[in-house]
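# Based on what follows, work out the 3D shape:
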Amino acid sequence: MQNFAPIALFVYNRPEHTRRTIKFLQQNLLADESRLFIFSDAAKDPSQQVFVDEVRDIIRLVDGFKSVELIERKTNLGLAESIIDGVSLLVSEYGKVIVFEDDLISSAYTLQYFNDALVRYQNEEKVMHIGAYMYPLKAENLPETFFYRAATSWGWATWDRAWKDFEPDINKIIARFDRKKRLEFSIEGTMNFWKQIIEFKRGRNNSWAIRWYASIFLKGGLTLNPSKSLVNNIGHDGSGIHSGLNDIYHVIINPIPVTTFPEKIEENKETYLAIKNFLKTRKGSLWQRILRFTKQKIKGI
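Model (predicted):
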């Protein structure tokens, strides 16, 4: 009998997003055989208390899983510390973990994909992260799954053996980068990953995800990904702490199971080029950028 990975779900102050995320998780093929741990952060200030209370009312009624355990924080940790603490707790006990935040809707086969991959690559030291999200790539005939250097944070999984290499100290991370590594890290300058590192250093963000990707990159690790996304982020409506109004990354979720995985533990060149091309052109023409900026201003984002 397979030992399915525990699911860590991190929630805060968005009741409707939380409700939808849980609904889709409940519809997953392996939900009733999976342990669900819901980490509920405390309100940062009194204005958020009513929303946190509403979220907690929702999560206290969750069923449909092998077990449900609630971890209701007494003080506000913030997303980064909550995730680092929760992931560390579960991998230390179970050796692996599947991670969701409160704004992700999933395929009915997302948990199956994660568990199949966690078993398949559990002893492959170079494989450090399994992602479920993928950009809306236009290239045809891409492999069903592939290895890539960067780590996506919208639905992911890992093992204790890989998480041990997570480096939270930004100064130690920066010290190990030279010009060549910075270029490779940022997908040849098409994504602002290095900017995120510098902004963390300056206190302008508190991203656990950019430090996790940097940790994988500096270790020479790889991430497994589907070419057709198994999750979609519904948080780009201006409701999230770290998200604005944006439809660039919207995807149609793959409705069928993933059945094939790469044999060779190496980055897929064809898919890397498809991702690089998407990142290079994702913001569209000048007119499209102006329209998107105007929408954000109208919404007050």
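
# Can you give me every residue that contacts the residue most central in space within the chain?
The chain has Ser153 as the residue nearest its centroid, 1.8 Å off, counting by Cα atoms, centre = their mean. Contacts for Ser153 (Cβ atoms under 8 Å, 6 or more residues apart in numbering) come out as Glu101, Ala209, Trp212. C-beta here means a position set from N, CA and C on the backbone, and glycine is covered the same way.

# Settle this for me: the second one is touching Ala150, isn't it.
Looking back up the chat, that one is Ala209. No - with contact defined as Cβ atoms under 8 Å, Ala209 does not reach Ala150; the gap is 10.1 Å.

# Against which helices or strands is the top helix by length along the chain packed?
Across the chain, the longest stretch assigned as helix under DSSP state H is helix 79-94. When contacts are defined as 3 or more Cβ pairs under 8 Å, 6 or more residues apart in numbering; DSSP states H and E, helix 79-94 packs onto strand 7-11, strand 35-40, strand 96-101, strand 156-159, helix 160-163, helix 208-219.

# Give the rounded mean pLDDT of the last one.
This points to helix 208-219. For helix 208-219, the mean per-residue pLDDT is 98.

# try the second one
When pLDDT is averaged over strand 35-40, the result is 98.

# Report the next helix or strand after it in sequence order.
As assigned by DSSP states H and E, the chain's next helix or strand after strand 35-40 is helix 49-59.

# ok, which stretches of this protein are helices?
With DSSP H as the criterion, the chain has helices spanning 15-26, 49-59, 79-94, 110-120, 160-163, 170-175, 179-185, 193-201, 208-219, 269-281, 286-299.

# In terms of mean pLDDT, which of the ones you listed ranks lowest?
Among these, helix 286-299 scores lowest, with a mean of 49.

# if we can go back for a sec, save the helices of the chain as JSON lines, and put in distance to Pro255 and mean neighbour count too.
Listed next are the helices of the chain as JSON lines, based on distance: least, Cβ to Cβ, whole Å; neighbours: other Cβ atoms under 10 Å:
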{"stretch": "helix 15-26", "distance to Pro255": "12", "mean neighbour count": "20"}
{"stretch": "helix 49-59", "distance to Pro255": "26", "mean neighbour count": "16"}
{"stretch": "helix 79-94", "distance to Pro255": "28", "mean neighbour count": "18"}
{"stretch": "helix 110-120", "distance to Pro255": "11", "mean neighbour count": "22"}
{"stretch": "helix 160-163", "distance to Pro255": "29", "mean neighbour count": "20"}
{"stretch": "helix 170-175", "distance to Pro255": "38", "mean neighbour count": "13"}
{"stretch": "helix 179-185", "distance to Pro255": "33", "mean neighbour count": "13"}
{"stretch": "helix 193-201", "distance to Pro255": "31", "mean neighbour count": "17"}
{"stretch": "helix 208-219", "distance to Pro255": "27", "mean neighbour count": "22"}
{"stretch": "helix 269-281", "distance to Pro255": "21", "mean neighbour count": "16"}
{"stretch": "helix 286-299", "distance to Pro255": "28", "mean neighbour count": "11"}
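
# is it possible to export those to CSV including distance to Asn254?
Below are the helices of the chain laid out as CSV (distance: least, Cβ to Cβ, whole Å):
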stretch, distance to Asn254
helix 15-26, 13
helix 49-59, 27
helix 79-94, 25
helix 110-120, 9
helix 160-163, 25
helix 170-175, 33
helix 179-185, 28
helix 193-201, 25
helix 208-219, 22
helix 269-281, 15
helix 286-299, 26
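
# which residues are in contact with stretch 249-256?
By Cβ under 8 Å, 6+ apart, stretch 249-256 touches 105-109, 133-136, 226, 228-233, 236.

# filter the residues you listed to the buried ones?
Using 16 or more other Cβ atoms under 10 Å as the burial test, the contacts of stretch 249-256 include 105-109, 133-135, 226, 228-233, 236 as buried.

# Of the residues you listed, which is the nearest to Lys74?
Asn233 (28.6 Å; Cβ to Cβ).

# wait, Glu54 sits on His17?
No - using Cβ under 8 Å, Glu54 is not in contact with His17; the gap is 11.5 Å.

# so what sits against both of those two?
If you check Glu54 and His17 against Cβ under 8 Å, 6+ apart, no residue is contacted by both.

# mind checking how far the residue nearest to Ile71 when sequence neighbours are not counted is from Val50?
Computed as Cβ to Cβ, 6 or more residues apart in numbering, the closest residue to Ile71 that is not its neighbour in sequence is Phe39, at 4.7 Å. Phe39 is 20 Å from Val50, where distance means Cβ to Cβ, to the nearest Å.
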